[in-house]
Every structure is written in structure tokens, then in C-alpha cells.
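*Asks:* next comes the sequence, and after it the predicted model I'd like to discuss.
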Amino acid sequence: MTGVPPIVHRDARFAVVDKPAGLVVHPAPGHRGPTLVDALGDLLGGGEPGRPGIVQRLDRDTSGLMVVARDAEAHRRLAAMIKSREVERAYVALIEGRPRSRSGTIDAPLGRDHRAPERRAVRGRAAREARTHFTVLEALPADTLVEARLETGRTHQVRAHFAAIGHPLAGDPRYGHAGRHGLERQFLHSARLRFQHPFTGERLAFESTLPADLAAALERARG
């Protein structure tokens, strides 16, 4: 995958990009190929040398909105805002089955799975607090469309949390069942970001619609 992903906001201090599925955010051991950092190039600044501008990350096969810094001070302020939970991050996910309630909170610490280090598990190795709030958007014949809002931002948080309560994300090859509803990835999309501009205080809100592959899978799930 090449080319610059859609940029939905850009000013002198930061940008908000709409990352497509299949694009790795930053270089990592074992990965060869283009990354979001490569694609954005000089647009990014601040942070670690190997991942300039990156204040949050999305899994390779998770699509949607990300905020990236353009200089060191913007990176510092945005990272502090995320840490203090001043950035509202909402995802749309299709989960297998139906949860017991129409809204709730999954409050379960996540760490590396003792048997499979590439996975995250509740009370795994070096577990850290993790909370995901969810609201049912639509009940389907065998699945449920939900909005998931992150209070913390652990690796694979949404995927691991829903798997832990018996409702893995549709199509998730690592935590659930690959290929469900024709999906080639997990049904997870970063759909909304809301926060105050870290320099001006202006209230900002960004939204992203479902990409074509997820929209098609949702129609199939509706039957």
C-alpha cells in the first residue's frame, strides 16, 4: 500500500489522518514495507526518532482516524492529553453474538498472553489497567454493532476486551474467527475523535464513515 492517506485536518501543529486498513503505523522489527510514517514524511515531528509524530497508534488492519504531531511541543501536549483522557476516541466494531446489556464497561487489566506473546490477555504478563466503554448501536441476527470508547489505550484493547467477554470482533484472525461475513480483517474502525486544540483551546470533532469492506460486511451481517 502506497500513497498519502486522507488528511482530514492539518494546521501548523498537528494533523488528523484517516488511516486505511493494511497500513502499519511505524517501522517495527519484522516488518518490511511502507508505513504511515513513511507516507506522511515531513508532515510529522516530535516524539521518538523511529516513530516521529506518533502519539497514538492503530493496528495495521484497523482503519480510521488518528491524530499525529508536527513538532515536539505538539507531540508533548497531545500525548499528555491522551494520557489524562482529554481526547475522546470512539470506534465502531461488529462483535459476535449479543452482549447482556445495551451499554457497559469492560474494566479488566491487559498484558501479554503467557502462551502467545503477540496477543493481549486479561491479567496477562505485566498487565496494566484497561477500560473500554460500549454502547449497542444495532442488534443483528448473529452479531451486534457497537460503539466502543477508550478510557485507556492499551495494545489490542478493544479486540482483547470483547474477546474476553465472549464476543470477539467479527473477522478477527487473532482473537476470533477469520473470514466472518467475508471479512479479511477485524471489523474495527476509529470513527470519531473529539478534543480541544492543544494550543488554541478550540473544540474539535472529526468523524470517519465505514470504509467499503466494513460497510459490505455489515450488510451481509444484517442478512
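*Replies:* Received, thanks. Numbers count the residues shown, from 1 in each chain.

*Asks:* can you classify the residue lying closest to H167 once chain neighbours are set aside as helix, strand or coil?
*Replies:* Distances taken as Cβ to Cβ, 6 or more residues apart in numbering put I95 closest to H167, at 4.2 Å, once the chain neighbours are dropped. Where you see a C-beta, it was placed from the backbone N, CA and C, and this is true even at glycine. Assigned with DSSP: H, G, I helix; E, B strand; the rest coil, I95 falls in the strand class.

*Asks:* what's the burial count for I95?
*Replies:* Using other Cβ atoms under 10 Å, I95 has 27 other residues around it.

*Asks:* how close does it sit to L150?
*Replies:* 15 Å (Cβ to Cβ, to the nearest Å).

*Asks:* in contact with the residue nearest the centre of the chain, which residues?
*Replies:* When Cα atoms, centre = their mean is applied to the chain, the residue found nearest the centroid is L58 (4.4 Å). Contact analysis of L58 by Cβ atoms under 8 Å, 6 or more residues apart in numbering lists 19, 25, 64, 66, 190.

*Asks:* list of residues touching the helix or strand hosting the third one?
*Replies:* In the assignment (DSSP states H and E), G64 maps to strand 63-69. Under the criterion Cβ under 8 Å, 6+ apart, residues 8, 13-21, 25, 36, 40, 43-47, 53-58, 75, 78, 87, 91, 188-193, 195, 206-208, 211, 214 lie in contact with strand 63-69.

*Asks:* let's see it as CSV, backbone CA atoms only.
*Replies:* Taking C-alpha atoms only, strand 63-69 is exported to CSV below (Å, rounded to 0.1, in the frame of the first residue of the first chain):
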residue,chain,number,x,y,z
SER,A,63,-8.8,1.7,9.9
GLY,A,64,-9.8,5.2,10.8
LEU,A,65,-8.9,8.5,12.5
MET,A,66,-5.5,9.2,14.1
VAL,A,67,-4.0,12.4,15.4
VAL,A,68,-0.3,13.0,14.7
ALA,A,69,2.0,15.8,15.8
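
*Asks:* just the helices from the chain, written as ranges.
*Replies:* For the chain, the helices defined by DSSP state H occupy 36-40, 72-83, 157-164, 212-222.

*Asks:* still on that earlier bit, the strand holding G64 versus helix 212-222: what angle between them?
*Replies:* 140 degrees (axes from the mean of the first three to the mean of the last three Cα atoms, to 10 degrees).

*Asks:* work out the gap between strand 63-69 and the centre of the chain.
*Replies:* Taking Cα atoms, centre = their mean, to the nearest Å, one finds strand 63-69 lying 9 Å from the centre of the chain it belongs to.

*Asks:* could you give the mean pLDDT of it?
*Replies:* Strand 63-69 shows an average pLDDT of 98 in the prediction.

*Asks:* and the angle for that strand with helix 72-83?
*Replies:* Using the same axes, to 10 degrees: strand 63-69 against helix 72-83 is 130 degrees.

*Asks:* residues touching V24, list them.
*Replies:* V24 makes contact with 31, 33-36, 60, according to Cβ under 8 Å, 6+ apart.

*Asks:* ramachandran coordinates for P49?
*Replies:* Note on P49: backbone dihedrals following degrees, to the nearest 10 are phi -60, psi -40.

*Asks:* ok, G111 touching R119?
*Replies:* No: G111 lies out of contact with R119 (Cβ atoms under 8 Å); the separation is 10.2 Å.
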